[in-house]
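A.B. asks: Take a look and give me a structure for this.
(2 chains)
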Amino acid sequence: MSVMIRVDGEELHGRDGQTIAGVLLASGQRSWRTAAGAPRGVFCGIGVCQDCLVTVNGVAGVRACQRTAVDGDVVEKESR
Amino acid sequence: MTTVAILGAGPAGLAAAQSALAAGADVVVVDEAERIGGQFWRHHDTLTDRRMQHQWARFERLRALLDPAGTAASAGRVVVHSSASVWRIETGAGIRVHALVGPADAAARQGLTIQADALVIATGAHDRALPVPGWTLPGVVTAGAAQAIAKRDGVAIGRRTVVAGAGPFLLPVASSLALAGGSVVEVVEATRAAALVAGWARAPWRLAGSAPAKAPELWDYVSGLVRRRTPYRTGSAVTRIHGRGRVEAATIQRIDGDWRPIVGTERLVECDAVALGHGFTPRLEAAIQAGCDIRPDRFVAVDQQQATSVAGVYAAGEVTGIAGADAALAEGAVAGFAAAGGDPTDARIRPARLVRRRMHAFAERLKTHDIRPGWKAWLDDDTVICRCETVTRAQIAEYAGASSRGLRLATRAGLGACQGRTCGRTVEELTGVRIGYDARPVLGSVRVGELAAVHAERVDAG
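C.D. replies: Below you'll find the predicted structure:
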């Protein structure tokens, strides 16, 4: 079983049930947010640090490490 | 009928649910994750390698008890709300817990209010990771993140990972990374060998007696390191992380007994990930919002029944002291039983009391790995301290003499999205001022629209 999400237009395939962070990491993506111009990725992995935020289906500020990827999710990287 | 609400479905919360049911209460469990288990039993049925889990049989028994379609003994008396973010707790005239239920950080979660006679706070702890130059690079994660992502998503955070920090938790992290298909370059422990021996090998028979499950578990990890030829360095630290846009290497350096780097001992090690863990910080927000007294050592104050200073409110697990899953299970059992109005002299609760006492002796030994002040010498002026607001060591130093409010307003340290959970204690150590970042009552992020829709919330129990 696999799940497909679109990250800034690019199709990424993950295993069914993975979080958005899990799909990104398994696809070799380490960074999906910039802070003060520098790239950031996942840090705490349990929803505490807010370093892995992404926009999911138009809603900003979603913790990629907490949100299970749903087939067809449209994910955008954030900069803040 | 007494209703006991339980916050958190890790070992402490689940044990509390079990014993509250045994004492005859109705139980409502609220947990932020999609599946119960907490960080210790964080899992996904198809993605988790079962070899990463410990005491899984115990978890399966607890899970079966909480399954609404489960045992007759608990049928109709237990409700579990998963994916539920608690944002407000009211105590005083009855206990009310307000949560939003739905996918993590979604825009339109459902309001939920639980009315209960008693509350057990079992919210656990998160990693403490000390800053180091380069620690904002993608590929640097907390030890807990490496563990969580390996367990929950079946992914190793890096191909070549350095696991660094202090404490026995580094060992299961290294083990999980290897099981998830990564390789661990080195495990770097700050505590020096002599201190480790003094802390852990002192009266080993007492350790075996206090934590009988720990010895074989530890042996598992150590033999795994030996089998994979992973070096375990003591008295050392990652003092700098290098890379352009991502981790490419780490400097590993010997440190003295106070964790001050020893000049001339630097080694550059190639890696693509670094997992940092220097102990744990309790998640106190719920207890603070409930009005519970916090001890000077910054854990929730509890008595022999795990009762807090607030009538009807109990606390168990890492919020009352870092002592591991066995202690959390035992404390949870005592808390749940007492919260349900069970007789404290009841024979059924005696074994948990005994385990609790033994595990507190184990917790004493964890102090062997306590953070020492010399680590500040591995920072440079440009090292980011507050990750959310990108505040450097130099900026914090500039306002170190100001009031805590002045420091926060001038630098914004600790005022970002994580509300000081990541940097709070570090900022306090750097300035020598107790700011109380982790003593804030903010439980979780709530969207304004969700608050506006709160009138639609339903009362679920009581």
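A.B. asks: drop to CA atoms for contacts and neighbour counts, all remaining ones
C.D. replies: Will do.
A.B. asks: How are the helices of chain B distributed by residue range?
C.D. replies: For chain B, applying DSSP state H gives helices covering B:11-22, B:56-66, B:143-153, B:170-179, B:193-196, B:204-210, B:214-227, B:285-289, B:325-339, B:350-366, B:393-398, B:404-411, B:424-431, B:448-452.
A.B. asks: Let's see the distance spanning stretch B:381-394 from one end to the other.
C.D. replies: 5 Å (CA to CA, to the nearest Å).
A.B. asks: ok, back up a step: mind putting the helices of chain B in JSON lines, mean pLDDT and distance to chain A included?
C.D. replies: Listed next are the helices of chain B as JSON lines, based on pLDDT from 0 to 100; distance: least, CA to the nearest CA, whole Å:
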{"stretch": "helix B:11-22", "mean pLDDT": "97", "distance to chain A": "16"}
{"stretch": "helix B:56-66", "mean pLDDT": "94", "distance to chain A": "20"}
{"stretch": "helix B:143-153", "mean pLDDT": "98", "distance to chain A": "4"}
{"stretch": "helix B:170-179", "mean pLDDT": "96", "distance to chain A": "13"}
{"stretch": "helix B:193-196", "mean pLDDT": "91", "distance to chain A": "27"}
{"stretch": "helix B:204-210", "mean pLDDT": "65", "distance to chain A": "30"}
{"stretch": "helix B:214-227", "mean pLDDT": "84", "distance to chain A": "22"}
{"stretch": "helix B:285-289", "mean pLDDT": "95", "distance to chain A": "12"}
{"stretch": "helix B:325-339", "mean pLDDT": "97", "distance to chain A": "17"}
{"stretch": "helix B:350-366", "mean pLDDT": "90", "distance to chain A": "22"}
{"stretch": "helix B:393-398", "mean pLDDT": "96", "distance to chain A": "15"}
{"stretch": "helix B:404-411", "mean pLDDT": "88", "distance to chain A": "14"}
{"stretch": "helix B:424-431", "mean pLDDT": "93", "distance to chain A": "12"}
{"stretch": "helix B:448-452", "mean pLDDT": "82", "distance to chain A": "12"}
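A.B. asks: could you dump those helices to a markdown table with distance to B:His278 and mean neighbour count?
C.D. replies: A markdown table is the format used below for those (distance: least, CA to CA, whole Å; neighbours: other CA atoms under 10 Å in any protein chain shown):
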| stretch | distance to B:His278 | mean neighbour count |
| --- | --- | --- |
| helix B:11-22 | 22 | 29 |
| helix B:56-66 | 26 | 16 |
| helix B:143-153 | 9 | 28 |
| helix B:170-179 | 9 | 24 |
| helix B:193-196 | 15 | 15 |
| helix B:204-210 | 22 | 15 |
| helix B:214-227 | 18 | 14 |
| helix B:285-289 | 21 | 22 |
| helix B:325-339 | 18 | 29 |
| helix B:350-366 | 11 | 18 |
| helix B:393-398 | 19 | 18 |
| helix B:404-411 | 24 | 16 |
| helix B:424-431 | 12 | 19 |
| helix B:448-452 | 35 | 12 |
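A.B. asks: right, so of those helices, which gets closest to B:Leu112?
C.D. replies: Among these, the nearest to B:Leu112 by CA to CA is helix B:448-452 (11.5 Å).
A.B. asks: Can you show me the CA trace of the closest one as PDB?
C.D. replies: What follows is helix B:448-452, C-alpha atoms only, in PDB (Å, rounded to 0.1, in the frame of the first residue of the first chain):
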ATOM      1  CA  VAL B 448      -8.900  31.500  16.400                       C
ATOM      2  CA  GLY B 449     -11.700  30.000  14.200                       C
ATOM      3  CA  GLU B 450     -11.700  26.900  16.400                       C
ATOM      4  CA  LEU B 451     -12.100  29.000  19.500                       C
ATOM      5  CA  ALA B 452     -14.900  30.900  17.900                       C
END
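A.B. asks: what does that helix contact?
C.D. replies: B:107-109, B:111 (CA atoms under 8 Å, 6 or more residues apart in numbering or on different chains).
A.B. asks: Then stretch B:404-420?
C.D. replies: A:48-50, B:385-386, B:388-389, B:391, B:395-396, B:399-400, B:421, B:423-424, B:427, B:433-435, B:437-438.
A.B. asks: In chain B, which residue is most central in space?
C.D. replies: For chain B, the residue nearest the mean C-alpha position is B:Ala125 (2.5 Å; CA atoms, centre = their mean).
A.B. asks: pretty sure B:Leu329 contacts B:Ala12?
C.D. replies: Yes: counting by CA atoms under 8 Å, B:Leu329 touches B:Ala12, with 4.7 Å between them.
A.B. asks: Quick one: end-to-end distance for stretch A:47-54.
C.D. replies: End-to-end distance for stretch A:47-54, by CA to CA: 13 Å.
A.B. asks: And chain B, is it touching that?
C.D. replies: Yes: counting by CA under 8 Å from any CA of the partner chain, chain B is contacted by stretch A:47-54 at A:48-51.
A.B. asks: Tabulate the helices of chain B (TSV), appending distance to B:Val313.
C.D. replies: Output for the helices of chain B, formatted as TSV (distance: least, CA to CA, whole Å):
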stretch	distance to B:Val313
helix B:11-22	13
helix B:56-66	21
helix B:143-153	28
helix B:170-179	33
helix B:193-196	37
helix B:204-210	28
helix B:214-227	31
helix B:285-289	9
helix B:325-339	8
helix B:350-366	19
helix B:393-398	38
helix B:404-411	31
helix B:424-431	26
helix B:448-452	25
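A.B. asks: Please spell out the segments of chain B that come in under the pLDDT threshold.
C.D. replies: B:68-73, B:203-212, B:455-462 (pLDDT under 70).
A.B. asks: what about stretch B:250-270, how long is it end to end?
C.D. replies: Start-to-end span of stretch B:250-270 (CA to CA) is 6 Å.
A.B. asks: tell me the contacts of A:Ser2?
C.D. replies: Counted by CA under 8 Å, 6+ apart, A:Ser2 has contacts A:13-16.
A.B. asks: go on, A:Ala64?
C.D. replies: A:19-21, A:42, A:52-54.
A.B. asks: Filter those down to the ones in helices?
C.D. replies: Among the contacts of A:Ala64, the members found in helices (DSSP H) are A:20-21.
A.B. asks: Confirm for me that the residue nearest to the centre of chain B is in contact with B:Val319.
C.D. replies: Yes: assessed by CA under 8 Å, B:Ala125 is found in contact with B:Val319 at 6.5 Å.
A.B. asks: quick one: common contacting residues for those two?
C.D. replies: B:282-283.
A.B. asks: What parts of chain A come near chain B?
C.D. replies: A:17-19, A:22, A:25-26, A:30-31, A:35-36, A:38-46, A:48-51, A:59, A:61-63, A:66-68.
A.B. asks: Out of those residues, which end up buried?
C.D. replies: With neighbours counted by 16 or more other CA atoms under 10 Å in any protein chain shown, the residues of chain A next to chain B contain buried members at A:17-19, A:22, A:25-26, A:30-31, A:35, A:39-46, A:48-51, A:61-63, A:66-68.
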